[in-house]
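Participant: sharing a model that was predicted from the sequence below.
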Amino acid sequence: MRIFHGIEELKGAVGTHLGYSDWRTINQEQIDAFADATGDHQWIHVDPARAAQGLFGSTIAHGYLTLSLVPSFLNQVYRIEDTTMAVNYGANRVRYPSPVPVGSRLRGGVELLALQQTTSGHRLTSRVTIDREGSDKPACVAEVLSLLVP
């Protein structure tokens, strides 16, 4: 866990890789709960018997489920003190290079790409690469934006 004491200290870390979160296992209960929350009940996610006969040999996590883990991974890698709040500001680019079969273990690696002052505070751009244990391709690569409010 990296702890930054204010924006000036954070500026010095732009262009660096901050580290990795803990590994997290994706189970069928999480996939089913995400399907219920989003209404995306495609069989590749929620029907283990049918998915076992499919391309991946099991159900796979939704891409957006994988993406939704980004905040928890960020919170394990770094924290910024001396700001009022940090809010999700969006994403510039998101890709899913490989699937996440049920039972996969994922972790997030975080690289700080840019920090720009705005009228509302500072906009931080980070690249989060979500690795799947045992895979040579990441499950997700997302360039995410946070607004840091003084």
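Facilitator: Received, thanks.

Participant: which residues sit in contact with residue 70?
Facilitator: Contacts for residue 70 (C-beta atoms under 8 Å, 6 or more residues apart in numbering) come out as 108, 128, 130, 142, 144. In short, each C-beta sits where N, CA and C put it, glycine included.

Participant: among those residues, name the ones in helices.
Facilitator: In helices, judged by DSSP state H, none of the contacts of residue 70 are found.

Participant: of those residues, closest to residue 30?
Facilitator: residue 130 (14.4 Å; C-beta to C-beta).

Participant: the closest one pairs with what?
Facilitator: Here residue 130 sits in beta bridges with residue 108, residue 140, as judged by DSSP bridges.

Participant: that one: neighbour count?
Facilitator: 24 (other C-beta atoms under 10 Å).

Participant: elements contacting the helix or strand harbouring residue 8?
Facilitator: Assessed by DSSP states H and E, residue 8 sits inside helix 7-11. Under the contact criterion of 3 or more C-beta pairs under 8 Å, 6 or more residues apart in numbering; DSSP states H and E, helix 7-11 touches strand 105-117, strand 122-132.

Participant: spatially, what comes nearest to the most centrally placed residue in the chain if we skip its sequence neighbours?
Facilitator: Nearest to the centroid of the C-alpha atoms of the chain, with distances taken as C-alpha atoms, centre = their mean, sits residue 70, at 2.3 Å. Among residues not flanking residue 70 along the chain, residue 128 sits closest, at 5.1 Å (C-beta to C-beta, 6 or more residues apart in numbering).

Participant: now do the contacts for that neighbour.
Facilitator: Contacts of residue 128 (C-beta under 8 Å, 6+ apart): 70, 73, 74, 108, 109, 110, 140, 141, 142, 144.

Participant: bridging residues for the last one?
Facilitator: When bridges are taken as DSSP bridges, the partners of residue 144 come out as residue 91, residue 126.

Participant: and it, how many neighbours?
Facilitator: A count of neighbours around residue 144, defined by other C-beta under 10 Å, yields 22.
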